[in-house]
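Novice: Following is a predicted model, sequence given first.
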Amino acid sequence: MKQRIKLILVLMSVCTLCLLAFQFYWSYQGFLGASKTFKSDINQALQAAVDRDMELRQDFIADKYKVWLADTNLVNINCHVDTASGTTAFTVTDKKASDNDRNTFSIGFQEYQPETGKMTPKVKRYFIDRFVKTHVREILKEKISIYYTQQLGDLLEETYKQEKLDKARLQQLFTEELLTREIETSFQLYFADEKLAETAAFPYATRTFEFGFRKPFYEVTAYFPDPNKTLILRMKWVLLSSLVLAAITIFCFAYTVRTILRQKKLADLKNDFVNNMTHELRTPVATISIAAEAMQDFNLSKSSSEEYLSIIRQQSGRLSHLIDDILKNLAFEQNQLELAPKPISMQQLVQQALLQHRPQLDIAEAAVKIDQPQQDLFIKADELHLLNVLSNLIENALKYSRGTLKLHINCSEENGNVILSITDNGMGIPVTMQQKVFDKFFRVPSGNVHNTKGYGLGLSYAKTIVERHNGSISLQSKENVGTTFTISLPTYTYDAAERTFA
């Protein structure tokens, strides 16, 4: 049996560890997947931030270009309509002519038909907006310069050279792009003109992005010192489900092991119970058998026959008492025993229990001390079963006494409960055993010695009875000093005037 239990526990442990290992493996794989996604997202975010920054730069230069075209001190803009083709032709000429042939250029917009062929503010505004949108924007995207006129080309080149990097703006744009991807974590942007301290301190980094209009281009890289918070948030449902599954697996394993060990413990207790019961039954059966044989085989006198008959009756009563206890506990186990509660005095119940054990107490020369109030303390209980509980406790005090028994019984009322304590000066109960004495079939181990009669049902029965009365029973014990059992039961109010119980 023990080998089977060990084998089951080993197999269950291996299976549980394998399940946990697979769970952690898949969680780790999920972490790697989240890490790859994170790296892809931060690269996309930085690329988008750089593109947005370049768009803002292009907007700035395009607006400047419109100012240049509108400045009559720089260029002159004229237009005329070709009557043959119906095309409106615009001519842009530098205000200040140069020595080369890049002072003038012409362009036509066929779909535009002005009211007259003259250059008006409305026509000029149309040309500037249309030209910047369809031509200047393209050269800005391509990062090139086209000299439509010498002065316009020189101004564009000079703007490219003077255009500065706005680091704060790029950082803000990058933060916004990260937020759209649900990434909230600290980062640092490093540019080509800056020195990076220790790359080992940053487990995640983007690739280097180039931007600008003229070489050397600006280069930027984003470094993330602690992205674990973001990764954990992204994996929160995976991690939570993994933790829940792991917790359920561990709980089931622990619960199963606990159940198996409890069953083994119960089996051991039952085996011990059977051994004790065998010992209990053997003595009265053997005594009855010997007495019966003596009466049958020997011609006994009347007095001797009566003596043997008395022995048979005594041992038969012992067997009957033993069987009654077993059936009584079996009925409680199957919830078949019905209680008949009625108002009773705790002091009178104590006196009845002591009266039942007066012969044993007298033989043991026990010193009994009782402390109780003069006024009766009433409870509502089943008198027979509660009397059996007190009898079990007094019997235990007699069984496990050391020398002359000193029995102290105290009865009091506290916080609406009747408190009854029974203290002896017996051998005591080890601390490690005190929580187990109320378990069914449990007896304090004494090897194979059976000097003390019993089969481990008395205290289990007592605990069941007290709890069925909405009370509690506890103990305090010290080895070689003694034990105190304390019973607490709800007080029942007695109306003396009406002679009824409320």
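Specialist: Perfect, I can see it now.
Novice: List of residues touching stretch 362-379?
Specialist: 343-348, 350, 354, 361, 398, 401, 404-413, 418, 469, 489-494, 501 (C-beta atoms under 8 Å, 6 or more residues apart in numbering). All C-beta spots, glycine's among them, are computed from the backbone N, C-alpha and C.
Novice: Quick one: buried ones out of these?
Specialist: 344-347, 350, 354, 361, 398, 401, 405-411, 418, 469, 489, 491-492, 494 (16 or more other C-beta atoms under 10 Å).
Novice: Strands - which of the residues you listed land there?
Specialist: 344, 345, 406, 407, 408, 409, 410, 411, 418, 489, 494 (DSSP state E).
Novice: farthest-separated two in those?
Specialist: Largest separation among those by C-beta to C-beta: 406 and 494, giving 32.7 Å.
Novice: so what's residue 382 up against?
Specialist: 339, 340, 341, 342, 465, 469.
Novice: Distance check, it against residue 80.
Specialist: Separation of residue 382 from residue 80 (C-beta to C-beta, to the nearest Å): 122 Å.
Novice: Looks to me like residue 426 is in a helix.
Specialist: No: applying DSSP: H, G, I helix; E, B strand; the rest coil, one finds residue 426 to be coil, outside a helix.
Novice: What about it, how many residues nearby?
Specialist: Residue 426 has 23 neighbouring residues, counting by other C-beta atoms under 10 Å.
Novice: same question, residue 414
Specialist: When neighbours are counted by other C-beta under 10 Å, residue 414 comes out with 9.
Novice: Tell me the confidence at it?
Specialist: The per-residue pLDDT reported for residue 414 equals 91.
Novice: go on, the one 4 residues further on?
Specialist: The pLDDT attached to residue 418 in the predicted structure is 94.
Novice: Against residue 468, how distant is the nearest residue in space to it that is not next to it in sequence?
Specialist: Once flanking residues are discounted, residue 418 sits nearest to residue 377: 4.7 Å by C-beta to C-beta, 6 or more residues apart in numbering. With the distance defined as C-beta to C-beta, residue 377 ends up 20 Å from residue 468.
Novice: Looking at these two, which one has more neighbours?
Specialist: Counted by other C-beta under 10 Å, residue 377 and residue 468 do not tie: residue 377 has more neighbours, with 22 against 17.
Novice: ok, the more buried one to residue 415 distance?
Specialist: Distance from residue 377 to residue 415, by C-beta to C-beta: 13 Å.
Novice: re the thing from before, of all the contacts of residue 382, which comes closest to residue 97?
Specialist: After measuring the contacts of residue 382 against residue 97 - C-beta to C-beta - the closest member comes out as residue 469, at 118.8 Å.
Novice: Ramachandran angles for that closest one?
Specialist: phi -100, psi 20 (degrees, to the nearest 10).
Novice: Against residue 34, how distant is the closest residue to it other than its chain neighbours?
Specialist: Leaving aside its chain neighbours, residue 469 sits nearest to residue 381 (5.2 Å; criterion: C-beta to C-beta, 6+ apart). Separation of residue 381 from residue 34 (C-beta to C-beta) stands at 65 Å.
Novice: So those two - more neighbours on which side?
Specialist: residue 381 (28 against 19).
Novice: thought the more buried one was touching residue 490?
Specialist: No: counting by C-beta atoms under 8 Å, residue 381 stays clear of residue 490, with 9.5 Å between them.
Novice: hey, what's in contact with both of the two?
Specialist: Counting by C-beta under 8 Å, 6+ apart, the residues touching both residue 381 and residue 490 are residue 469.
Novice: just the strands in the stretch 351-500 of the chain please.
Specialist: 367-371, 378-381, 406-414, 417-424, 472-478, 482-490, 494-495, 500-501 (DSSP state E, counting those that start in this stretch).
Novice: need those in CSV with distance to residue 235, can you?
Specialist: Putting those into CSV (distance: least, C-beta to C-beta, whole Å) gives the following:
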stretch, distance to residue 235
strand 367-371, 67
strand 378-381, 60
strand 406-414, 56
strand 417-424, 54
strand 472-478, 48
strand 482-490, 52
strand 494-495, 67
strand 500-501, 65
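Novice: wait, which of those strands is closest to residue 58?
Specialist: Nearest of the strands of the stretch 351-500 of the chain (C-beta to C-beta): strand 472-478, 83.6 Å.
Novice: partner strands of the closest one, parallel or antiparallel?
Specialist: strand 482-490 (antiparallel) (DSSP bridges).
Novice: now the angle from the strand it pairs with to strand 406-414?
Specialist: For strand 482-490 against strand 406-414, the angle by axes from the mean of the first three to the mean of the last three C-alpha atoms, to 10 degrees is 30 degrees.
Novice: Could you list the buried residues of strand 482-490?
Specialist: Buried-residue list, strand 482-490, by 16+ other C-beta under 10 Å: 482, 483, 485, 487, 488, 489.
Novice: which among those residues gets closest to residue 232?
Specialist: The closest of those, once distances to residue 232 are taken by C-beta to C-beta, is residue 488, at 50.6 Å.
Novice: Test my guess that that closest one contacts residue 472.
Specialist: Yes: using C-beta under 8 Å, residue 488 is in contact with residue 472, at 5.0 Å.
Novice: Now do the helices in this protein.
Specialist: Secondary structure of the chain (DSSP state H): helices located at 2-70, 121-131, 137-142, 150-162, 167-180, 228-234, 236-297, 302-333, 346-356, 358-363, 383-399, 458-468.
Novice: Rebuild those helices as a markdown table, extending it with mean pLDDT and distance to residue 92.
Specialist: A markdown table is the format used below for the helices of the chain (pLDDT from 0 to 100; distance: least, C-beta to C-beta, whole Å):
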| stretch | mean pLDDT | distance to residue 92 |
| --- | --- | --- |
| helix 2-70 | 85 | 7 |
| helix 121-131 | 89 | 8 |
| helix 137-142 | 91 | 15 |
| helix 150-162 | 90 | 8 |
| helix 167-180 | 92 | 33 |
| helix 228-234 | 70 | 53 |
| helix 236-297 | 75 | 61 |
| helix 302-333 | 69 | 108 |
| helix 346-356 | 89 | 117 |
| helix 358-363 | 82 | 129 |
| helix 383-399 | 88 | 115 |
| helix 458-468 | 86 | 104 |
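Novice: Nearest to residue 206, out of the ones you listed?
Specialist: Per C-beta to C-beta, nearest to residue 206 of the helices of the chain: helix 2-70, 4.8 Å.
Novice: Centre of the chain to that closest one, how far?
Specialist: 26 Å (C-alpha atoms, centre = their mean, to the nearest Å).
Novice: And for stretch 349-357?
Specialist: 53 Å.
Novice: got the end-to-end distance for stretch 402-422?
Specialist: 16 Å (C-alpha to C-alpha, to the nearest Å).
Novice: Not counting it itself, show me its contacts.
Specialist: In contact with stretch 402-422 (C-beta under 8 Å, 6+ apart) are residues 346-347, 350, 354, 361, 364-373, 377-379, 390, 393-394, 397-398, 423-427, 471, 480, 484-491.
Novice: can you check stretch 158-169 too?
Specialist: 53, 56, 57, 61, 64, 145, 189, 191, 212, 213, 214, 218.
Novice: What residues does the fifth one make contact with?
Specialist: Counting by C-beta under 8 Å, 6+ apart, residue 64 touches 155, 159.
Novice: I'd assumed residue 424 was in contact with residue 481.
Specialist: No: at 9.9 Å, residue 481 does not count as touching residue 424 under the criterion of C-beta under 8 Å.
Novice: So which of the two has more stuff around it?
Specialist: Per other C-beta under 10 Å, whichever of residue 481 and residue 424 has more neighbours is residue 424, with 26 against 12.
Novice: What is the neighbour count of the closest residue to that one other than its chain neighbours?
Specialist: Spatially, and ignoring its direct neighbours in sequence, residue 424 is nearest to residue 397 (3.9 Å; C-beta to C-beta, 6+ apart). Residue 397: 27 surrounding residues under other C-beta under 10 Å.
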